[in-house]
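Undergrad: Generate a structure from the sequence data that follows.
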Amino acid sequence: MSEIRINKLNNYQPPKTSGQPKKEETTQQEIKQEPTLSQKAPDEVLGFMANQAMLGKAGITGKKAVDVNKYVDTESKERIEKIMVAFEANILKTAETAIKEFGISERAASDAAIIGFNRKFLV
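TA: Next up, the predicted model:
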């Protein structure tokens, strides 16, 4: 029992390395060359950015029909459809009220109705 040394129980001693550290050899492949960059005129850069935005590279495809029956049963499907119809009717009613009271455009009224919904239910 006297041979157990409690102060050395969790003491980790890493193994010693022998000799001097190896020198790193650099080869031609490891040396990376900086790419040469040429300065562009600001108008040229802005024109390029505008053209890239106009190209529409998103690749948006047409609407694909989703087979809802794969994911939910018919009762849930009917319930969700009723809720969505009620939601759209509520948003349209709110937008029409905003058009009448404030005299704003349909787009602005629709945005205001959606923002109101988000503040009421999602925040």
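
Undergrad: Quick check: mean pLDDT of stretch 70-78?
TA: Averaging pLDDT along stretch 70-78 yields 91.

Undergrad: which outside residues touch that stretch?
TA: 68, 69, 80 (CB atoms under 8 Å, 6 or more residues apart in numbering). For every residue, glycine as well, the C-beta is placed using N, CA and C.

Undergrad: So which of those residues is the closest to residue 86?
TA: Of all the contacts of stretch 70-78, residue 80 has the smallest distance to residue 86: 10.8 Å, by CB to CB.

Undergrad: can you pull the contacts of that closest one?
TA: residue 72.

Undergrad: what's the distance between it and residue 88?
TA: According to CB to CB, to the nearest Å, residue 80 stands 13 Å off from residue 88.

Undergrad: so who does residue 98 touch?
TA: Taking CB under 8 Å, 6+ apart, we find residue 98 in contact with 104, 108, 109, 112, 113.

Undergrad: What strand or helix carries it?
TA: When elements are assigned from DSSP states H and E, residue 98 belongs to helix 74-102.

Undergrad: For that helix, buried residues please.
TA: By 16 or more other CB atoms under 10 Å, the buried positions in helix 74-102 come out as 91, 94, 95, 98, 99.

Undergrad: Let me have these in TSV, extended by distance to residue 46 and pLDDT.
TA: Listed next are those as TSV, based on distance: CB to CB, whole Å; pLDDT from 0 to 100:
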residue	distance to residue 46	pLDDT
91	38	90
94	40	90
95	37	91
98	37	89
99	38	91
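
Undergrad: remind me which residues of the protein are low pLDDT?
TA: Within the chain, the segments meeting pLDDT under 70 span 1-14, 18-32, 53-61, 123.

Undergrad: swap the cut-off to 90 and go again
TA: 1-70, 87, 98, 102-103, 106-107, 110-123 (pLDDT under 90).

Undergrad: picking up where we left off before, tell me which two in the buried residues of helix 74-102 are the farthest apart.
TA: Spanning the widest gap among the buried residues of helix 74-102 are 91 and 99, at 12.7 Å by CB to CB.
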